[in-house]
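Peer 1: Let me see the structure of the following:
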Amino acid sequence: MKKQRGSALLFTLLTSIAATTVILATVGSITQEVQRQRLAERSHLVNSSFDAVANKVVSEFAAGNRELSASMITVAINGGTWNLTLTDNSASKSNTILVSGMGIVNGKVEYGRKVFARPYLESPFIYGLTTMKDLAVTENITVGSALSQCNVWTEGKITGTRWLTVQGSIKATSTVTNPWVTATAGIQTTRQARGIPPLDISLYEGVADRTISGGSYVGFTFAKDYEVVYVNGDFNMSGAISGKGTIAAKGHIQFDADTSYADKNSRVVFLAGGEIRAKGWTSNIVGVLCSSGKLVIDGGLSVKLEPGVAVTYDKLDVTDPFTIGFDRFIADNPEEGPKYKLPGFWP
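Peer 2: Model (predicted):
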């Protein structure tokens, strides 16, 4: 009997030990899981905080509002304050930039590092005038107005001896030697080059809603909103434009006389594989002008692009006074960029 009681006590003790072991193991497992969850939550918080500040400074660089520099910049966002550098990373990987630094997130020191593809200028279409070569002011140029202010971006120096008047800011990647340059929001020189999204006219042939032969057109009507019309050659234009759409010409686009919108709902984007030219007695043109080659202003006594935007992947040649009355439509409605298949928004 005593032997049986001893065996029962031993069994009870062993069972109790086993149960305690299971409980302790379960508690330990739960504790580890809680720790893992907390670490995961902390990691997510830190990564989210760093990604937010990194994306912010890269976006500011793309917008032309921040330069690459080894100097520390302080940015506070998403529960953290970070001291960062935004530097060129091309030595490690071509066409990249590096964001790295240290931050305080919820009272703890953290570190972050991320490589980005070097962005182009955010969008040349939010500027009144963008040129990818030196801007020689050989005739008076006026960009923007008191009611519709805008900026000028040029990748090069600004030279010449005539007036360049901008109702907004001027940003140039080199110097301004022309003493007759004025900008209401200031002139920034020796900015770092950004480049602009490439314009590949051949892509438009494959997505065109309509293909037409090159030639001269008096008036033009889009068959539907946001129609893409591919021109297999040069496109000469005058008269009224009706509807909304994009004209992408394999060759040059030339305005032989005045153009206008048929109504307030019309809007056009001109994309040229060659030059865009205002010739003859042209005094008034409309639309977003974007040329792979030069933008040539050689029309009447003076030429006004209003409402409009001017972008050239080459340079601006002016032999007549040129005024740009800025069209804020894309700047205020960036969701329209892909619909018109503007470079940088599409493809």
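
Peer 1: Which strands or helices does the top strand by length along the chain pack on?
Peer 2: When the chain is parsed with DSSP state E, its longest strand is strand 227-242. Counting contacts by 3 or more Cβ pairs under 8 Å, 6 or more residues apart in numbering; DSSP states H and E, strand 227-242 is packed against helix 202-207, strand 210-221, strand 244-249, strand 253-261. C-betas here are computed from N, CA, C, even on glycine.

Peer 1: Tell me which of these is the most buried.
Peer 2: Ranked by mean neighbour count under mean count of other Cβ atoms under 10 Å, the helices and strands packed on strand 227-242 are led by strand 244-249, which reaches a mean of 25.

Peer 1: pretty sure Ile330 is in a helix, no?
Peer 2: Yes - assigned with DSSP: H, G, I helix; E, B strand; the rest coil, Ile330 falls within a helix.

Peer 1: so how many other residues sit close to Glu335?
Peer 2: Neighbour count of Glu335, defined by other Cβ atoms under 10 Å: 8.

Peer 1: OK, contacts around it?
Peer 2: Going by Cβ atoms under 8 Å, 6 or more residues apart in numbering, Glu335 touches no other residue.

Peer 1: which SS state does it fall under?
Peer 2: helix.

Peer 1: Ala40 now?
Peer 2: From three-state DSSP, the assignment for Ala40 is helix.

Peer 1: from here on, count from 94
Peer 2: In the new numbering, first residue 94, that becomes Ala133.

Peer 1: in the stretch 144-293 of the chain, which spans are strands?
Peer 2: Under the criterion DSSP state E, counting those that start in this stretch, the stretch 144-293 of the chain contains strands at 162-170, 173-181, 189-198, 201-210, 222-224, 228-230, 234-236, 245-247, 251-253, 257-259, 263-265, 274-276, 280-281.

Peer 1: Let me see the domain layout of this protein.
Peer 2: Per automatic domain parsing, the structural domains of the chain span 95-210, 217-429.

Peer 1: rank these by mean pLDDT and give me the bottom one.
Peer 2: Ranked by mean pLDDT, these end with domain 95-210 at the bottom, a mean of 83.

Peer 1: Please give the centre-to-centre distance between that one and its chain.
Peer 2: Centre-to-centre, domain 95-210 and its host chain are 31 Å apart (Cα atoms, centre = their mean, to the nearest Å).

Peer 1: picking up where we left off before, for the helices and strands packed on strand 320-335, which one sits closest to Glu429?
Peer 2: strand 337-342 (9.2 Å; Cβ to Cβ).

Peer 1: other SSEs contacting that closest one?
Peer 2: Packed next to strand 337-342, using 3+ Cβ pairs under 8 Å, 6+ apart, are helix 295-300, strand 320-335, strand 360-365.

Peer 1: Show me what the last one is packed against.
Peer 2: So the one you mean is strand 360-365. Counting contacts by 3+ Cβ pairs under 8 Å, 6+ apart, strand 360-365 packs against strand 337-342, strand 346-354, strand 377-384.

Peer 1: now the angle from the longest one to strand 337-342?
Peer 2: Between the direction of strand 346-354 and that of strand 337-342, the angle (axes from the mean of the first three to the mean of the last three Cα atoms, to 10 degrees) works out to 170 degrees.
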